[in-house]
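1. okay, here's the prediction I keep looking at, along with the sequence it came from:
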Amino acid sequence: MALPHLITRLDRESGIQQASQQCTHPDAGLLGPGSVSWQILRESITILAQGRILVLALAHSRLSQLLVNQHHAIQRLQHSQRYLMKVIFGNQEQAMMTLADPSQRRKTLFDVHDSDSLLYAISAWMDSSLAIYRTVIGPLTTALEERLFEETQLLARALGVPDHRLPGHWHAHRQWWQQQLDTRDSVHPQRRELGHSLIRQQGFPDRLPYGSFANIASFTVPEPLVNAFDLKPVNLDTHRHYQRQIRRLMELTRRLPEPLRYQPVYHEARQRLQGRARAGLATRLLNRWWSGEAELVSSGWSLPKGDRHPGMTL
């Protein structure tokens with residue numbers, strides 16, 4: 001068994017520098033509005049992915065050590081959400097400052113020091129968001145999934161995973177990720193109970209309008225973990241509940257107006273790219289309600305028209 005690679009300060013600095021060099025439009029950030037990550041993570045429904053992320057984290061020996069109890073687990077997920085939104089939707093400077101600041105990473109799921117655990121954490125987040133997106137919004141083409149893989153690699157590299165620890169191509173990553181899921185078929189009883197208690201309460205936080213994750217958990221969590229966490233068995237009755245829940249989520253998503261369907265941080269980023277120094281009052285209030293912070297990725301200054309991102313208009 002290969003020894004884990006411990007991430008050094010040089011790895012982190014090198015990763016941040018590489019990510020910065022690939023940034024073609026500084027105000028659009030590392031990925032920009034044309035990325036698949038923006039397309040997926042702007043959807044508020046992907047917040048339900050946190051239930052799947054929690055299960056995957058509890059099934060991982062290193063990540064599970066960060067989830068001591070219910071309070072710690074919820075705090076980690078919420079901090080991870082804010083951290084990742086700043087990195088993905090922030091401009092270049094905001095993303096670099098977030099990545100370089102150890103205090104911002106400290107309470108997240110990305111606060112691990114070996115490259116394999118860190119790659120697992122970011123892959124779990126992006127794969128879980130994709131799973132919910134596929135289920136409720138619709139599937140992605142193979143080309144878009146490959147682009148999402150490339151964006152995930154960029155994020156992993158920016159977080160400090162060195163190139164030689166990353167899968168060389170999309171198919172290698174899919175094979176590696178499937179192996180990760182297939183081998184996690186047993187968990188400690190204490191972690192199983194923690195997962196049960198949190199899934200029963202999902203969606204957390206209580207303000208979510210999408211209902212419980214429990215009804216769809218058995219159909220979105222990898223099969224080995226359905227058994228490991230003793231989730232509801234997949235049978236005709238649970239399948240009917242699942243279908244009803246998915247139809248309700250699809251209808252709700254279709255009917256929601258854009259200010260509510262898409263996450264406030266996405267609207268904040270769009271308004272920044274339109275040249276606004278601050279997001280509108282409605283966006284700031286929704287951001288406060290959604291993430292606990294009124295502003296996550298506003299630039300703080302107005303942009304001249306010539307410097308605004310192409311395609312973004314007021």
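-> Arrived safely.

2. give me the below-cutoff pLDDT ranges for the stretch 151-300 of the chain.
-> Within the stretch 151-300 of the chain, the stretches with pLDDT under 70 are 201-209.

3. ok, now with 90
-> Applying pLDDT under 90 to the stretch 151-300 of the chain flags the ranges 168, 181-218, 222-238, 241, 245, 275-278, 289-293, 298-300.

4. how about the helices in it?
-> With DSSP state H, counting those that start in this stretch as the criterion, the stretch 151-300 of the chain has helices at 170-182, 189-201, 214-220, 223-228, 236-255, 258-261, 264-273, 281-291.

5. could you export the third one as CSV, CA atoms only?
-> Included here for helix 214-220 are C-alpha records, laid out as CSV according to Å, rounded to 0.1, in the frame of the first residue of the first chain:
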residue,chain,number,x,y,z
ALA,A,214,-34.1,10.8,3.6
ASN,A,215,-36.6,9.9,0.9
ILE,A,216,-34.0,10.1,-1.9
ALA,A,217,-30.9,9.0,0.0
SER,A,218,-31.2,5.3,-0.9
PHE,A,219,-31.3,6.2,-4.6
THR,A,220,-28.5,8.8,-4.7
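
6. centroid-nearest residue for the protein?
-> Computing the C-alpha centroid of the chain and ranking residues by CA atoms, centre = their mean puts W125 first, at 4.2 Å.

7. buried ones in the strand or helix carrying that residue?
-> Per DSSP states H and E, W125 falls inside helix 115-136. Neighbour counts over helix 115-136 (16 or more other CB atoms under 10 Å) mark 115-133, 135-136 as buried. Bear in mind the C-beta positions are built from the backbone N, C-alpha and C, glycine included.

8. quick revisit: does the residue nearest to the centre of the chain really touch S80, like I thought?
-> Yes: here W125 reaches S80: they are 7.1 Å apart, a contact under CB atoms under 8 Å.

9. which neighbours do those two share?
-> Common neighbours of W125 and S80, using CB atoms under 8 Å, 6 or more residues apart in numbering, are L109.

10. L286: what's it in contact with?
-> Listed by CB under 8 Å, 6+ apart, the contact set of L286 reads P259, L260, P264, H267.

11. tell me the spacing between it and A156.
-> To A156, L286 is 30 Å away according to CB to CB, to the nearest Å.

12. then V36?
-> From V36 to A156 the distance is 15 Å (CB to CB).

13. higher neighbour count, those two?
-> Under the neighbour definition other CB atoms under 10 Å, V36 and A156 were set side by side, and A156 has more, 25 against 22.

14. verify the stated contact: that one with L118.
-> Yes: applying CB under 8 Å, one finds A156 in contact with L118, separated by 6.9 Å.

15. for the residue nearest to the centre of the chain, give me its contacts.
-> A49, I53, S80, L84, L109.

16. just the ones of the residues you listed in helices?
-> A49, I53, S80, L84 (DSSP state H).

17. which of those residues has the largest number of neighbours?
-> A49 (27 neighbours).

18. surely it touches T135?
-> No: at 10.0 Å, A49 does not count as touching T135 under the criterion of CB under 8 Å.
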